[in-house]
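**Student:** Predicted model and sequence follow; I will ask about them next.
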Amino acid sequence: MKYINTQYLLDKRPKGMPEDDCWKINEQEITELKKNEVLIKANYLSIDPYMRGRMNDSKSYAAPAKLGEPMTGETVGEVIESNSNLYAIGDKVCAHKGWQTYIKTKDTDPALIKVPESDIHLSSYLGTLGMPGRTAYFGLNRVGKPKKGETVVVSAASGAVGTVVGQLAREYGCRVIGIAGGPEKCSFVKDVLKFDECIDYKAGNLDTTLKNACEDGIDIYFENVGGPVTRAVAPLLNEGARVPICGFISQYNAEDMMNVETPFHVLGALNPKPEHRFFVVTEWMSEWEEATKELSSLVSEGKILYRETITQGFENAPKALRNVLTGKNFGKQLIEI
């Protein structure tokens with residue numbers, strides 16, 4: 001059978017918000033499988049904030065996305081052809097192989113992760129049970145090191161990472177305060193996810209509202225946003241506080257990232273300085289399987305809930321990324337292909 005793979009290739013580096021002309025469409029016919037190769041049809045594409053940083057040609061924790069190659073990203077889909085003993089037709093697979101509709105690759109490719117048989121919806125393996133969920137799990141547990149009774153503040157609390165951080169902290173017996181944008185997102189965080197409080201940073205008076213919600217100070221701040229949110233949190237951090245820095249999305253579209261205020265500037269100026277560091281989930285890759293099992297159990301038991309924004313059509317991937325960077329999505333942003 002003939003298959004045409006559609007790809008979004010990175011065509012130029014953006015300045016500010018990435019517009020459509022940063023990518024170009026490429027179509028190519030899939031050639032016949034060789035020994036130990038598989039062909040995967042992508043069902044969902046993950047859209048994540050980190051993608052904006054990878055579009056820059058600057059020093060970072062990971063190499064920049066290469067011009068002329070598929071835009072970096074992860075998909076989940078189904079094996080539709082196999083010349084492999086490791087994967088059978090019908091197997092579900094996550095593949096970190098970029099923005100493309102089909103993936104033809106060797107069965108030993110480390111970018112492939114087989115999805116276990118489960119009643120949980122396939123899309124969740126790009127969200128709560130995928131990279132965002134594992135990011136939340138390891139950032140909170142390995143860097144945040146929560147203890148029962150502590151106060152945990154989570155920025156971007158309605159997002160794919162923040163929702164999991166807060167619900168895990170609640171399971172660990174912590175008091176959890178979320179920060180999100182708009183009454184609808186805050187209502188979801190407090191009423192559905194059962195955070196103790198959720199503060200709408202768009203409503204104004206963030207400093208005062210946060211201080212009132214954190215009468216005993218803040219023991220753990222899970223950083224996703226930066227900017228004014230970090231400045232509001234900083235004076236409330238208790239001695240011995242820990243700050244896992246997952247990202248700072250408020251600055252991702254800055255044209256000169258070397259001259260913007262980051263959480264490192266704000267936190268580093270405090271006396272005493274809280275324990276804080278940037279982390280990436282690949283630091284604990286050897287523990288991914290165990291973490292995913294634990295998260296799967298919590299989802300199955302109804303102890304971790306999640307929300308997704310699913311946009312139809314591969315052609316809408318660039319717009320979906322802009323929506324993530326401006327907070328227009330709600331929960332995990334996905335493209336259904």
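**Tutor:** Done, it's in.

**Student:** residue nearest the centroid of the protein?
**Tutor:** P132 (3.9 Å; CA atoms, centre = their mean).

**Student:** Tell me how far it lies from K35.
**Tutor:** Noted for P132: a distance of 35 Å to K35, by CB to CB, to the nearest Å. C-beta: built from backbone N, CA, C; applies to glycine.

**Student:** just to revisit the earlier point, please list all residues in contact with the residue nearest to the centre of the chain.
**Tutor:** By CB atoms under 8 Å, 6 or more residues apart in numbering, the residues touching P132 are D48, L126, G159, A160, V161, V164, K332.

**Student:** For D48, see how far away the fifth one is.
**Tutor:** As judged by CB to CB, V161 and D48 stand 9 Å apart.

**Student:** higher neighbour count, those two?
**Tutor:** Taking neighbours as other CB atoms under 10 Å, V161 and D48 compare with V161 leading, 30 against 24.

**Student:** The more buried one and Q28, how far apart?
**Tutor:** Distance of V161 to Q28, given as CB to CB: 34 Å.

**Student:** do L236 as well
**Tutor:** Computed as CB to CB, the L236 to Q28 distance reads 53 Å.

**Student:** Quick check, P272 in contact with E239.
**Tutor:** Yes. With contacts counted by CB atoms under 8 Å, P272 reaches E239, the gap being 6.2 Å.

**Student:** Residue ranges in the stretch 151-300 of the chain under the pLDDT threshold?
**Tutor:** 250-259 (pLDDT under 70).

**Student:** can you give me the helices in it?
**Tutor:** Secondary structure of the stretch 151-300 of the chain (DSSP state H, counting those that start in this stretch): helices at 160-171, 183-187, 206-213, 228-233, 263-268, 288-300.

**Student:** Can you tell me which of those helices is most buried?
**Tutor:** For the helices of the stretch 151-300 of the chain, the largest average neighbour count (mean count of other CB atoms under 10 Å) is found in helix 160-171, namely a mean of 27.

**Student:** ok, now which ones touch the residue lying closest to G127 once chain neighbours are set aside?
**Tutor:** Leaving aside its chain neighbours, G127 sits nearest to K332 (3.6 Å; criterion: CB to CB, 6 or more residues apart in numbering). Contacts here follow CB under 8 Å, 6+ apart; on that basis K332 touches S46, S123, L126, G127, T128, P132, G159, A160, Y306, R307, E308, T309.

**Student:** List the ones among those that fall in strands.
**Tutor:** Among the contacts of K332, the residues falling in strands (DSSP state E) are S46, E308, T309.
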